[in-house]
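# missing the sequence, but the structure's below:
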């Protein structure tokens, strides 16, 4: 998570994509997918972000932060185009 916290989103995405390939625990996978969604949100890639939030929620439907972030994206999408 260090690259993400330092704003190096490209490196963080590479690490998270590799982690999705390696991680077998569904609980941990949902947080990896959620973090990928966060990075796409930060990059303004809202459609991709929503995709990863949905994928995280498929594994853990009790992830309120994903619901919140999706609601924020959908709210702003009504105000201005994605």
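Now that the structure is in, tell me what you want to look at. Keep in mind it's a predicted model, so treat the numbers as computed, not measured.

# use CA for all of it now, contacts and neighbours both
Fine.

# From the chain's centre, how far out is stretch 40-56? Work that out for me.
5 Å (C-alpha atoms, centre = their mean, to the nearest Å).

# how about low-confidence regions in this protein?
Applying pLDDT under 70 to the chain flags the ranges 1-2, 79-82.

# And for the residue nearest the centre of the chain, nearest residue in space, chain neighbours not counted?
Nearest to the geometric centre of the chain sits residue 37, at 1.5 Å (C-alpha atoms, centre = their mean). Using C-alpha to C-alpha, 6 or more residues apart in numbering and skipping residues adjacent in sequence, the residue nearest residue 37 is residue 49, 4.1 Å away.

# So that neighbour sits against residue 36, correct?
Yes. Residue 49 lies in contact with residue 36 (C-alpha atoms under 8 Å); the separation is 7.3 Å.

# neighbours of residue 42, just the number please.
Residue 42: 13 surrounding residues under other C-alpha atoms under 10 Å.

# can you check the one 10 residues further on too?
When neighbours are defined as other C-alpha under 10 Å, residue 52 has 22 of them.
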